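Asks: sequence first, predicted model second:
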Amino acid sequence: MTALVPAVDGFGAIRRLVLDAVSSPITRTLYGKALDDFWSWWEGQGRPLFARAAVQAHRAFLEHQGYSASTINQRLAAIRKLAREAAANGLLAQELAAGIAQVPGAKLQGNRAGNWLTREQAEKLINLPDPGTLKGKRDRAVLALLIGCALRRAEAANLTTEHLQQRDSRWVIPDLRGKHGRIRTVPVPNWVKLAVDQWTQAAGITSGRLLRSMNRHGAVAGDSLSPQAILMLVSGYGQKLGVRFQAHDVCRTCAKLCRAAGGDLEQIQLLLGHASTQTTERYLGTRQDLLDAPNDRLGLH
């Protein structure tokens with residue numbers, strides 16, 4: 001067949017196949033949004049042939065709407081995956097799927113530096129929660145895990161008490177399944193383990209999810225804490241600190257502080273669960289040193 005999908009039900013089936021193949025809950029949500037928006041745009045255009053030209057027109061539409069290059073490329077990745085699944089299920093000719101796969105992405109201008117905290121700011125952030133309350137102990141445990149272990153919010157939300165184990169006489173989170181299904185072992189600093197213990201002991205948590213939701217009275221009110229709740233928690237403490245800060249910036253802060261302390265690039269890659277050191281290098285970025293500039297040592301007078 002050379003049409004995308006002849007009916008909404010058909011699109012829904014292919015959409016599910018696409019999302020089922022994505023391991024990250026956050027990426028799954030973003031892909032779902034990208035596919036739904038593409039479907040609406042495609043219908044609004046009169047259901048043109050699902051081919052390279054249509055996808056290029058959609059990319060131009062996204063650029064006109066002011067989306068960033070990284071967002072456009074993520075949406076194109078979802079659409080390419082949709083084309084592959086449609087072709088695999090006989091709903092799209094293979095040559096059309098191949099043409100869609102070759103649609104170029106939006107050009108990124110440089111590397112996005114992102115946001116991160118200094119060592120002093122990170123320490124202040126960790127100590128912002130009130131240690132005299134149960135909620136303060138919970139929030140400090142959350143911040144400690146994110147900053148001290150470079151966990152993504154979905155990873156922290158899924159942690160259980162059984163995840164924390166001892167290896168080589170130290171605490172670790174072994175075989176943690178992270179982004180894109182990659183498995184890594186995360187070392188847990190002693191101060192992070194202490195913050196977690198103070199929370200779990202005060203809350204009486206001995207099994208199940210490590211982090212739990214709480215009600216407005218400061219009592220444990222559920223058996224889990226969602227990634228969205230962690231996002232709001234970190235953002236709220238960032239506002240108290242006086243910085244615009246999101247959950248993933250805490251992960252970046254850990255990486256930056258590790259590098260500044262002399263951490264080996266390959267070991268930081270393993271900590272973050274990146275596919276390569278090149279990814280870690282882009283993630284860390286390069287900060288220009290104006291105090292010890294390389295051209296100060298040219299030897300010219």
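Replies: The structure has been received and is ready for your questions.
Asks: for this protein, longest strand please?
Replies: Longest strand in the chain, counting residues (DSSP state E): strand 170-177.
Asks: contact partners of that one?
Replies: Here strand 170-177 makes contact (Cβ atoms under 8 Å, 6 or more residues apart in numbering) with 23, 149, 155, 159, 163-167, 183-188, 190, 193, 273. Where C-beta positions appear, they are placed from N, C-alpha and C, glycine not excepted.
Asks: again, 6 Å this time
Replies: Contacts to strand 170-177, defined as Cβ atoms under 6 Å, 6 or more residues apart in numbering, come from residues His163, Leu164, Gln165, Ile183, Arg184, Thr185, Val186, Pro187, Val188, Lys193.
Asks: compute the mean per-residue pLDDT across the following helix or strand past that strand, please.
Replies: Using DSSP states H and E, the next helix or strand after strand 170-177 towards the C-terminus is strand 183-187. The pLDDT scores in strand 183-187 average 89.
Asks: list the contacts of strand 183-187.
Replies: Cys149, Val172, Ile173, Pro174, Asp175, Leu176, Arg177, Gly273.
Asks: from these, which is closest to Asp249?
Replies: Cys149 (14.9 Å; Cβ to Cβ).
Asks: so that closest one versus Ala101, what's the distance?
Replies: According to Cβ to Cβ, to the nearest Å, Cys149 and Ala101 sit 37 Å apart.
Asks: go on, Leu76?
Replies: For Leu76, the distance to Ala101 - Cβ to Cβ - is 10 Å.
Asks: if you count surrounding residues, which of those two has more?
Replies: Leu76 (23 against 16; other Cβ atoms under 10 Å).
Asks: phi and psi next, for the more buried one.
Replies: phi -70, psi -40 (degrees, to the nearest 10).
Asks: residues touching it, list them.
Replies: By Cβ under 6 Å, 6+ apart, the neighbours of Leu76 are Gly105.
Asks: could you rerun that using 7 Å?
Replies: Arg59, Val103, Gly105 (Cβ atoms under 7 Å, 6 or more residues apart in numbering).
Asks: neighbours of the closest residue to the second one other than its chain neighbours, how many?
Replies: Counting by Cβ to Cβ, 6 or more residues apart in numbering, Val103 lies nearest to Val55, which is 4.7 Å off, once chain neighbours are set aside. By other Cβ under 10 Å, 23 other residues sit near Val55.
Asks: my guess is Val55 contacts Ile79, does it?
Replies: Yes. With contact defined as Cβ atoms under 7 Å, Val55 counts as touching Ile79 (5.8 Å).
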